[in-house]
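A.B. asks: pasting the sequence and the predicted model now:
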Amino acid sequence: MATITDVICPFCGTLCDDIEVVVNGSKIESARHACKIGNSKFLSINDIPRPIKPLIRENGASREASIDEAIAKAAEILSNSKRALLFGWSSTSCEATAVGIEIAEEIGGLIDGTTTVCHGPTVMAVQYVGLPSVTLGEIKNRADLVIYWGANPMHAHPRHLSRYSIFPRGYFRERGQQDRELIVVDVRKTDTAKIANHFIQVEFGKDYELLSALRMIVNGGELEEEEVAGVPKEKIIELADKMMNCQFGILFFGMGLTMSPGKHRNIDNAISLVKNLNRHTKFSIMPMRGHWNVTGFGEVMTWQTGYPFAVDFSRGYARYNPGETSANDVLQREEVDAVLVVASDPVAHFPRKSVAHLARVPMITIAPHHSLTTELSEIFIPSSMVGIEEEGTAYRMDTVPLFTRKVIDPPQGVLSDVEILKRILEKIREMR
Amino acid sequence: MSELVLKNGIVYDPINNVNGEKMDILVKDGKIVEKLNGNAKTIDCSGKIVMPGGIEIHSHMAGGKVNGGRLFQPEDHVRFAMPKTKVTRSGTGFSTPTTFLTGYLYSKMGYTTGMTAAMPPLMARHTHEELKDIPMIDKGAYCLTDGNWFIMKYLKNGEIEKCAAYVSWLLKATKGYVVKITNPCGTEAWGWGKNCRSLDDPAPYFDITPRELVKGLVEVNEILKLPHSVHLHANNCGRLGNFVTTLETFKVPNGTKPAAKRQIMHATHIQFHSYGGDTWHNFESKADEIAKAVNSNKNIVIDTGTVTLDHTTTMTADGPLEYYLQSLTHLKWMNRNVEMETSPGITPFIYSRKMPTASIQWAIGLELSLLIKDPWQVLMTTDHPNAGPFIRYPRIIAWLMSRKYREETASKVHKVIYDRSTIDGIDREYSFYDIAIVTRAGEAKALGLSDRKGHLGVGADADIAVYDINPSEIDPSRDYKEIEKKFSSAAYTIKDGEILVKNGEIVQTRYGRTLWVNSKVDGELEKEVMKDIEYNFKRYYSVNLANYPVREEVLTRSTEVTRSASV
Amino acid sequence: MMTDVILVPKVQHKISLEAEVIKPDEFAGKTIEEIKELPVYFGNTVQKLGDFFEVSGSAEENAENLRIVVEGDVSRVKRIGEGMTTGEILVKGDVDMYLGARMKGGRIVVEGSVDSFAGQQMRGGEIEIKGNAKDYLGGSYRGDWRGMRGGRIIVEGNAGKEVAEFMRGGEIIIKGNCDSFAGVHMKKGLVIIEGSVAERVGAEMVGGSIIVLGEMANLLPSFKIGEVVEGLKIDGREFPGKFRKYIGDFAEGPSVKGVIYKRL
Amino acid sequence: MSLEVKLITGRTLHQGASMERLGKESEEYTKSVAVCEMDPADMEKLGVKEGDIVKVATDSGEVFLWAAKSRQAPHEGTIFIPMGPWANALVDAGTNSTGMPDFKGVKARVEPAPEGKVLNAVELVREIYGYNY
């Protein structure tokens, strides 16, 4: 039995780094401090069957193959493609993403991440209006007003409230929760809303209108309408007052804003509201990034290519325009002729029309487990789990970098994403 | 390993007092040597200038804030793109180039070393991850200490030795090379949306003034005997009438002795700190006052932060400044307060020739270079990308070497410069020797690197730039366009004895060293301070202490510079 | 006298061809053989225009007098007329993205419909679309706050979301209906919507004018209701009838000057 | 009897936990994700109880799901399906040139379907897409 401390949980963007994992031989006994989902992820090592050998589908049946054969075949598919899509990346290390970018550049393909169906609209809004933000420790130490808008951390980021926002004691908030106020804005009374001091139920799809009303008030205007987005005028004014009069406010938002009608414009308006609030007090905003390293994917993409996702290398350098170079658009236009999926399950998470094209073209999947995507893949190369069986760099939702730890060996014969990708790249170069 | 002879070049090597002499430079195993055994590859440098490789002393080239600037400006990245070649990776970005591109662009100009100007400790790993992807040059990072709670508390309590031990630990933990101070105390005030507007305006709650913080860190820097002095971005950056604060700041280190033969304070991008006037209508240059102060104080070195009249990006750890700028331009704005440490911000900026302010700012940068008499005290930067992107260095060189070029540019900017700056009356033109000082020799000396960099003496790293300029044929004063072109595109850039650039094209890529200071203090003192660090991490940071330090493995060719403190 | 160069598509392809060379500026002064040699981008390959089109007719020395006629469906050809400064393009079918993006002069007529980003950051010239336009018509590039600055776009059919995004000048006329966020972040210029317009028209606009002749979905709460005006005169154009004036978007601050006129 | 509703999809704790713990082929995963969370009032209108099978249809397709009483009511007229292949068979694929499909706010129709069979994820994927050979 060995206890490994300061382990970083590879599940969500909260990236808790205080997990204590107890390892007994090839089993994980426990993952102390982890939330329900994080705990599940660590313990999954014990019971989800792990594929060891690559699978190749041929003539209607799939068969086991050697790693060398799978890599050679994957390289061949990618090398022969005219418009390949390399997708996934949010659940692997930055080091793996870097190799992915190099492959995309080498073959003149497209590379996109799960950002595209998560906080892609956020990134686009940031590109229009910016992002006044802070690190999570600033919130813990200073915040007296915390707002979750279209986000339900009790389900999606279970320890977010206890580590960073509401419950912890901070330098200037010694009494923790008692020194802070929590407001939740959502279309449903979520489990997070249930513990809030105030819950504002917004009519579905009308967040933009509510944000516009708030901005007008914050900017000194008078609201003429009696009700906006199902929220009475007095309540909107009260909310605006709370925001302007706090000492340090933070607005966290989630897919309730990025996915509902208006998408990036909802975020544009929310960020602009926070910008406007800075004329009155200190206020910040932060997207609740989902997958544990979706932020890291964006960071590496940005420093290497100049763009955070949806990059097209067809002309030998990076070009970017979500709506044109993003995964769902090229899939639905049926432009893609080969797909490499790394550490993701687009078949489970893309709309039917996009998946239909994934089913049509040769797809190579690198992942630790069988998934719906591996079901439709021509080649499946099992890999080790980064953050549990492999080290690697990840970025927390507030862009704080952390180096994830290895707590246990991967099953024998299973390689890391980095190694598999490097070997594919090498093979592609040999073919040119 | 390879041997190389650079034959018959016209050599400018100010550290060794070589001023345009025709001589051979011999290279063996990446070093400059006295003699070779034979069989060396020869490069004919006749009719060409040979200088040490260029050294960048202040550039925001890597790290979280730089990447924020890239991320939120796709419009900057469509402006400039370089496709991949057989030897290089692709890259994009005009004012915020991607990492690979950054290395290539510096190398094409004959630069071989570059320092990234601001690294928040908590984000250190990010900075190093990016540095790892910057090829061609040696590099290092400046560790931000301006709003640091440990430092503020120690200094407030007069615990200077503990403060020194903490800073020593911080440099090691972050693999930093320099103690960087940006808007002292103001970055903590920005945690509440406030700022410190004078040297005696204290940080809220911590109740320590910028004056006390700077003074304390100067002392700490010298106790630790660090290679560079403190590197200071003073209070009131970019504000009207700020020259008063700047002059005051220059006096703060008085009485402290430098621990090495170098300046006691490096004051950075002083163009942004030389402003007079109290409204934007009477905004004027105070470069002359600043120059006077520097001319009479041998202990100060500045870099210019010269405005290049471009559409660029401003980014600094000075969060309140970025907020102020976006409130003037109404453009997009990014802010990133880092817990317990500092508060960077970013916003795009257009230095338009038509604008009186931008025109005066352009004049100030050049005035500083020309009015400060000793070039060793006034190094050339654009505070990349704040006053302009570093790819404009050749243009600045041309401005410095040619009064005619300055006049030509002056005629195209707002005429207000004739009244509110002295640029029109300055005849001085830089020599190639001066240029070699303000772009490499001066940097090496200021950074404490002159044992191995910034010169071509025996034992130095073989980091060499060759430019296709024949000083007996080209008159920089008249042929300024030619000067600009030739400095943009080195005939050869040689790094550690390897030819990386030939005729302005990259012929091979290499990764340089990452320099950091391994600062040593008394073991007992360090243990005591570690207790404080552990206590505060548990309570106030959002990461565990064990996950904070940067591991050496992430550094390319990790190169430590060891310094033992006097405590 | 105009001379024509005629392009007839000869292959079907799912992958979009990128052909910014299809513009009079590029064709002028070239022989038909030379035009066929012009580079086009297909997936990760560079190919020749002649591989994808039959090319006939004759090119003028002077681009001003040159018309390019595309006979057929080019709904998978992007960037036609991108950056063009003069001359004419006539497309007798549907067109893919970025038609006339960053155009400075000349005229483009499309008999079919166009995909998104047509007239992106346009500065001058005219685009006429007989069918529908998709999203971001006359809009900006991602992150850029400078959209269309001059010229005119006319759409006979309907237009998608975010028409005139970040508009800084020029004119857009939609004869059919217009989807949500028309004129988002607009600062200057004129948008005329003859049909109906969906929600969030004028969102975050700080200047410029939007005229709606048909129905208008609920306006944002951050607009103020102004007076009723009889007959409109804007940029030398006259619109008869009674109009209700709305001013906004006050979400952007107290001194905004955006105006929406809705015909009553 | 059927009901016109708005469909919202999103992440849930159970979806996350069951996916990570047991994988997407597991019964656990199907049980926590192949569900249609409804407002009790809407359930009453349709005459369905917790655990009954309903058919949800949109312009993109239709699937069978177990009805579940929402713990986050009231939200009459809105149904919630956790992120996963069932929800994605229903959402609108179009991105309006933004890269992001319409995962929330799709018009949908719900009706009781006692005869219907809730497929597990793998069965569902096989039924819709077949294999690529």
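C.D. replies: Okay, I see it. Numbering: from 1, shown residues only, chains lettered A, B, ... in the order given.
A.B. asks: now do the same contact list for residue A:264.
C.D. replies: Going by CB atoms under 8 Å, 6 or more residues apart in numbering or on different chains, residue A:264 touches A:120, A:121, A:122, A:124, A:125, A:128, A:258, D:98, D:100. C-beta here means a position set from N, CA and C on the backbone, and glycine is covered the same way.
A.B. asks: cool, and residue A:395?
C.D. replies: Residue A:395 touches A:15, A:94, A:293, A:295, A:296, A:298, A:299, A:401, A:402, B:126, counting by CB under 8 Å, 6+ apart.
A.B. asks: what do you get for residue A:211?
C.D. replies: A:266, A:269, A:270, A:273, C:251.
A.B. asks: tabulate those (a markdown table), appending neighbour count and distance to residue B:527.
C.D. replies: Formatted as a markdown table, the contacts of residue A:211 follow (neighbours: other CB atoms under 10 Å in any protein chain shown; distance: CB to CB, whole Å):
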| residue | neighbour count | distance to residue B:527 |
| --- | --- | --- |
| A:266 | 26 | 52 |
| A:269 | 28 | 52 |
| A:270 | 27 | 48 |
| A:273 | 25 | 48 |
| C:251 | 29 | 56 |
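A.B. asks: which residues does the residue of chain D at minimum distance from chain C contact?
C.D. replies: Closest residue of chain D to chain C, CB to the nearest CB: residue D:97 (3.9 Å). Residues counted as contacts of residue D:97 (CB under 8 Å, 6+ apart) are A:323, A:324, A:329, C:116, C:117, C:134, C:135, C:136, C:160, C:161.
A.B. asks: which bits of chain D sit near chain C?
C.D. replies: D:96, D:97 (CB under 8 Å from any CB of the partner chain).
A.B. asks: what about the strands in chain D?
C.D. replies: Ranges of strands in chain D, per DSSP state E, are D:3-10, D:35-38, D:53-57, D:62-69, D:78-82, D:104-112.
A.B. asks: any idea which of those strands gets closest to residue A:44?
C.D. replies: strand D:78-82 (18.7 Å; CB to CB).
A.B. asks: mind giving me the packing neighbours of that closest one?
C.D. replies: strand D:3-10, strand D:35-38 (3 or more CB pairs under 8 Å, 6 or more residues apart in numbering or on different chains; DSSP states H and E).
A.B. asks: from the contacts of residue A:211, pick the one nearest residue B:83.
C.D. replies: Closest to residue B:83, out of all of the contacts of residue A:211 and judged by CB to CB, is residue A:266, at 36.3 Å.
A.B. asks: residues in contact with the closest one?
C.D. replies: Counted by CB under 8 Å, 6+ apart, residue A:266 has contacts A:121, A:125, A:207, A:208, A:211, A:257, A:258, A:260.
A.B. asks: now do the SS call for the fifth one.
C.D. replies: Right, residue A:211. helix (DSSP: H, G, I helix; E, B strand; the rest coil).
A.B. asks: what's the answer for the last one, then?
C.D. replies: Secondary structure of residue A:260, reduced to three states by three-state DSSP: coil.
A.B. asks: once you drop chain neighbours, what's closest to it?
C.D. replies: residue D:104 (4.5 Å; CB to CB, 6 or more residues apart in numbering or on different chains).
A.B. asks: close enough to count as contact, residue A:116 and residue A:308?
C.D. replies: No: the criterion here is CB atoms under 8 Å, and residue A:116 misses it with residue A:308 at 10.1 Å.
A.B. asks: who has more neighbours, the two?
C.D. replies: residue A:308 (29 against 26; other CB atoms under 10 Å in any protein chain shown).
A.B. asks: any idea which element that one lies in?
C.D. replies: Under DSSP states H and E, no helix or strand contains residue A:308.
A.B. asks: tell me the most buried of the strands of chain D?
C.D. replies: Stretch with highest mean neighbour count among the strands of chain D: strand D:35-38 (a mean of 27; mean count of other CB atoms under 10 Å in any protein chain shown).
A.B. asks: same question for that strand, mean pLDDT?
C.D. replies: Averaged over strand D:35-38, pLDDT sits at 94.
A.B. asks: from the contacts of residue A:395, which is closest to residue B:228?
C.D. replies: Using CB to CB, these come closest to residue B:228 at residue B:126, 22.1 Å.
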